[in-house]
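**Q** any chance you could fold what I've pasted below:
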Amino acid sequence: MLKNVFDWCKRHIVLFTIAAVVFVVMFGFINVQILHMTSEPEFCHLCHPAQGFGPLAEVDSWEHSAHGDAGVSCLDCHGRPGLIGYAKAKLGGLKDTYMQLTISREEKLEILSNPHEDLVPSWHCLYCHSDEGNKIVRETTRGPMKLVNMRMLDDVVNPEFRERKGLADIMEEDYVGGVHFDHSLHIEEFDLTCRDCHFGVVHNPATATDRMNFCLTCHADAGGDAPQMADCKVCHETQVAMNEGTGVEGIETIPSLMYGDAADMTCTDCHTGVTKGVFRPSSATCTDCHDDDTYKSIFNEWAETTKARIETLKAVRVEVEAALLDADAAKRNTAEAWATYEQALRNLKFVRNDGTNGVHNYEYVTAILDSVAADFKKVMTQLDSVW
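**A** Numbers count the residues shown, from 1 in each chain. Predicted structure coming up:
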């Protein structure tokens, strides 16, 4: 029977060749689609189905993280750059699938609760967050970066990627995430790794109080050379600028009513629990000075309204960025639109980095978010005008 098949192929060599090429193309296409499907967070969710934070809730916590907002997916962090890195990550996924079927829930929780220190090494963080780090990784990555479009990671080329995401170069700039922080000093001089400070950055984030206590513990040991508890303004540059009503170009300066010489207020007048290790005030803090509970409702209204607007603008941002990428793929002139988008993103990040949902300076925040919404609309108008 096998001889008959070979004879048929010889007699119909053209037809056999066409059939073979079609088979190879279809086989390759199907496998690429399978790789796509098994690389998506929805697939990861099958084995990590919990809600909230911590072990088994990795996908849900990612969806509510800054990385999730930016479109950074599972394999962008848990797979090395390049085709070889992608292949190794997929092979590692096979091992994870095997373990999912063979180990107990308790063993799985133990593994997830104590990840290996090199699960996401510091150089991998610097690949996206540092121009020099990105250059080094790209130059030392073996094999091609990609054959087909499989994930964001393989297309990351700084400074363009970093700037379009509104990110600072953490090894060159000392104003990152709303605070004054010299990453190069802490990494190169003190031998700290990214996870030393950003423990559980996505899947089990510490509270603001935990992070602040971590900083203060190190700074207390360092002595007078490092900012201490009373040196609020040295690190918290965004919060100071927000209270002063400055920091965003093109927006009129609007000082906060509760800040500056006129009000005679200092940081600790509202952040009354700092000596006890509680750094964030609540609406109850208002009644320390104001007898009327109306101030508590104003505090809550400001926070809730601002938070809702930020969530709305985050969703709009995703749509605008997708439109920009589509326009780039169509070879349209998008330089002006990207500049407008980056400005809106910087201003939105300024509000988010303040961390109070408008409570520090609600009038100024409202003006900033109005400008962000206007800029996002302007981007779409600019894209409509260039073809």
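
**Q** can you give me how far stretch 158-166 is from the chain middle?
**A** 13 Å (CA atoms, centre = their mean, to the nearest Å).

**Q** for that stretch, give the mean pLDDT please.
**A** What stretch 158-166 shows for mean pLDDT is 90.

**Q** ends of it, how far apart?
**A** 12 Å (CA to CA, to the nearest Å).

**Q** buried set for it?
**A** N158, F161, R162, E163, K165, G166 (16 or more other CB atoms under 10 Å). All C-beta atoms are positioned from the backbone trio N, CA, C, and that covers glycine.

**Q** likewise stretch 272-286?
**A** Buried residues in stretch 272-286 (16+ other CB under 10 Å): V274, F279, P281, S283, T285, C286.

**Q** stretch 148-157 now?
**A** M150, R151, L153, D154, V156.

**Q** got TSV for those, with secondary structure too?
**A** Formatted as TSV, these follow (DSSP: H, G, I helix; E, B strand; the rest coil):
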residue	secondary structure
M150	coil
R151	coil
L153	helix
D154	helix
V156	coil
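
**Q** tell me how the protein divides into domains.
**A** 2-37, 236-387 (automatic domain parsing).

**Q** mean pLDDT lowest for which of the ones you listed?
**A** domain 2-37 (a mean of 79).

**Q** among the buried residues of stretch 272-286, which one sits closest to A50?
**A** F279 (28.9 Å; CB to CB).

**Q** mind checking how far the closest residue to that closest one other than its chain neighbours is from H236?
**A** Computed as CB to CB, 6 or more residues apart in numbering, the closest residue to F279 that is not its neighbour in sequence is M212, at 4.9 Å. Here the criterion is CB to CB, to the nearest Å. By it, M212 lies 10 Å from H236.

**Q** does the spatially most central residue of the chain count as helix, strand or coil?
**A** With distances taken as CA atoms, centre = their mean, H67 lies nearest the centre of the chain, 2.7 Å away. At H67, secondary structure determined by three-state DSSP is helix.

**Q** return the residues in contact with it.
**A** D76, C77, V201, V202 (CB atoms under 8 Å, 6 or more residues apart in numbering).

**Q** residues near the third one, how many?
**A** Same thing as V201. 17 (other CB atoms under 10 Å).

**Q** and it, what element?
**A** Here V201, judged by DSSP states H and E, is contained in no helix and no strand.

**Q** phi, psi of it?
**A** When read as degrees, to the nearest 10, the backbone of V201 gives phi -50, psi -30.

**Q** contact partners for it?
**A** S65, H67, C194, R195.

**Q** with pLDDT added, can I get those residues in TSV?
**A** TSV is the format used below for the contacts of V201 (pLDDT from 0 to 100):
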residue	pLDDT
S65	86
H67	89
C194	89
R195	84
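
**Q** and those as a markdown table, adding distance to L348?
**A** Formatted as a markdown table, these follow (distance: CB to CB, whole Å):
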| residue | distance to L348 |
| --- | --- |
| S65 | 16 |
| H67 | 16 |
| C194 | 24 |
| R195 | 27 |
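
**Q** and the domains of the chain, which is most packed in?
**A** Each of those was scored by mean neighbour count; the highest is domain 236-387, a mean of 17, by mean count of other CB atoms under 10 Å.

**Q** quote the end-to-end distance of it.
**A** Note: domain 236-387 ends 44 Å apart using CA to CA.

**Q** I'd like to know how far Y175 sits from L35.
**A** 40 Å.

**Q** swap in Q51?
**A** Taken as CB to CB, the span from Q51 to L35 is 28 Å.

**Q** again with H271
**A** H271 is 50 Å from L35, by CB to CB.

**Q** circling back to that earlier point, let's see which of the buried residues of stretch 158-166 end up in helices.
**A** F161, R162, E163 (DSSP state H).

**Q** closest to G247 out of those residues?
**A** E163 (18.7 Å).

**Q** next up, the contacts around the closest one.
**A** Contacts of E163 (CB under 8 Å, 6+ apart): E342.

**Q** no more questions from me, cheers.
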